[in-house]
Each structure stands twice: as C-alpha cells, then as structure tokens.
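> Take this sequence and fold it.
(one chain, ligands or ions: 2)
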Amino acid sequence: MTFASRLHAGETLLTAWSGIPDPLTVEIVAAQGVDAVTLDMQHGGHTDDSVLRSIVPVLRAGRHPVVRVPVGRFDMASRALDFGAEAVIAPMVNSVEDAQSFAAAMKYPPIGERSWGPTFALPRNGGGDSKSWLREANANTVSFAMIETRAALKALDGILETPGIDGIFVGPADFSIAWTEGGTVDSTLEDMMETVASIADRANAAGKHAGIFVVDAGMCGRFVEMGYRFLALGTEHKYMALGAESLLKTARNSMS
Ligand code: 3PY
Ligand code: MG
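Ligands and ions are numbered 1, 2, ... in the order given. Got it, this is the predicted structure:
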C-alpha cells in the first residue's frame, strides 16, 4: 500500500525524523518499527545528494520515504518526488500564494506544473510504464503544507482549499513562538492546544490530512484524538540518547 492510500484509509502513521545526512544512519532508523522515515532538509543536515541516496534504505526496509524541504524550496519538492519520496512537507507555508507554489511543484498538470522526469522514482518503484505513472502520480504523492505561524493560521481555509494541497502539518515549536509573540519555544504549550486541535478539525472537515511533529511521545494519543493521523517522532539525537540511557541503566543495574 502507498503512503497516500494508507492515509486515505484512515490509518495512523508514525514517521521517524532523520537529520543525519547519511544513508547508513537512515538504514538503521528505517529498520525500527516506524511506518515512514522523513528526511529533514530544513533543520536537519539532509541535502539533495543525501536524500537521493537515503531513499534507498527507506524503501528497502519497506517504509514510506518523506522529505521536508527547506523554506520556499519548492523546486526541491519536485526533485524529492523524482528521487522517490511519497510525500513532501513544506515549512512556513504562510499564505495561499505559498500553498499554490508548493502545489504547482508537487502535481503534474492539470492540477500543477510539475515537470516530467521521475528518473529515480520510477525504477525504484519497479519500473513500469510512464503513462500509468503520470496517471497515478498526483494521487500517489502527498503534499503537506506546514502551519506554524499566525499568518498560516489566518490563511488556513484558503490553504486547505488550494488544489494540490493534500494536508497540513503543524510545527508546534514555531507555532509556540508565534503564539507567545516570541516569548518562548515549547512544543507542548498547553495554552495553544485548543487551537492545535481546531487545525486538525478544520483540515479533516475539508477532507485533508492532518500531521504534526510530536516532541513528547506520550502526547501521541491526544493528537490522534484531535484528528491527527501522521505523527513525527525524532530525531536520531533522541533515539541514540534514549537507547544509550536504557543500555547503561541495564548494565549498571546488573552490577549493583
Ligand atoms: C516545528 O515544530 O516548528 C517544526 O518545524 C517541527 O520540526
Ligand atoms: Mg518549524
């Protein structure tokens, strides 16, 4: 099943979040029990080249490859799809115009203006015929517009109505900064949770997917209740720290 079809079926999908631009690290991350791996080019270290190479271990592990592009890099959204990403997350989509530019890069005509050339995506998905790829690509690729500012919240209805935008993805760190006018950064800020819930409501009412970056894994259930179905957990720093902590604790306990 594709990432898109699983989301459409109402599944809740967990993605790992990778910032280390190395296919060997991505191979290890993808081997864990996640549904997808997101390669982060915005704040993570991933580059064109590491995305091109890291999608291979993600596919080999049977996970869905997702890429977050840097701010405004809609050209990279098309490239990520050409490399084999099934979904792209675009940060700081703050207006309908941003959403339209993102959608244009993500979708082939008649919805958008994506240029033809799935040079890696097609062979990585078993080759096959270009005509059916073209026919199915718009439905099989998922575009997430990040909602993480007050401007984005204001433009939310227009963003959700933009053809070619399949969902929204909340960035709670940036959203908390906006919410408190620069006063703090706190992805779990209780004060904004009602609004965070209303964003998922509005997305779902518009027939669009809702995703969110989760800093406190214990809050996943709460976000699912709000209507979020794509939850991101990361990054490698956290995976390594938690793993090392648990390993050392076990070792020390065995000696005491
Ligand atoms: C945010 O929380 O602002 C994000 O962009 C998550 O990576
Ligand atoms: Mg952000």
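> Let me know the helix or strand that the spatially most central residue of the chain is in.
Compute the mean C-alpha point of the chain, and by Cα atoms, centre = their mean the closest residue is I89, 4.6 Å away. Taking DSSP states H and E as the criterion, I89 maps to strand 87-90.
> hmm, who's touching the helix or strand just after that strand?
Heading C-terminal from strand 87-90, the first helix or strand you meet, by DSSP H and E, is helix 96-106. Where contact means Cβ atoms under 8 Å, 6 or more residues apart in numbering, the residues beyond helix 96-106 that reach it are 72, 74-75, 77-78, 81, 88, 90, 92-93, 111-114, 141, 143, 145, 155, 158-159, 162-165. C-beta here means a position set from N, CA and C on the backbone, and glycine is covered the same way.
> list the contacts for the residue in the stretch 151-256 of the chain that ligand 2 sits nearest to?
Closest residue of the stretch 151-256 of the chain to ligand 2, Cβ to the ion: G171 (3.2 Å). With contact taken as Cβ under 8 Å, 6+ apart, G171 is in contact with 91, 146-148, 213.
> Just among the residues you listed, which is most surrounded?
I147 (29 neighbours; other Cβ atoms under 10 Å).
> Could you pull up phi and psi at that residue?
phi -110, psi 110 (degrees, to the nearest 10).
> So for it, what's the nearest residue that isn't a sequence neighbour?
I168 (4.9 Å; Cβ to Cβ, 6 or more residues apart in numbering).
> With I159 instead?
Closest to I159 by Cβ to Cβ, 6+ apart is A99, at 4.4 Å.
> Tell me, how many residues neighbour the one you found?
A99 has 26 nearby residues by other Cβ under 10 Å.
> Can we start the residue count at 48 from this point?
In the new numbering, first residue 48, that becomes A146.
> What residues of the helix or strand hosting A51 count as buried?
For A51, the host element (DSSP H and E) is helix 50-55. When burial is assessed from 16 or more other Cβ atoms under 10 Å, helix 50-55 yields the following buried residues: 50-51, 53-54.
> for A56, what are its contacts?
So A56 contacts M48 (Cβ under 8 Å, 6+ apart).
> Try it again at 7 Å.
By Cβ atoms under 7 Å, 6 or more residues apart in numbering, no residues touch A56.
> Quick one: residues contacting G281.
63-64.
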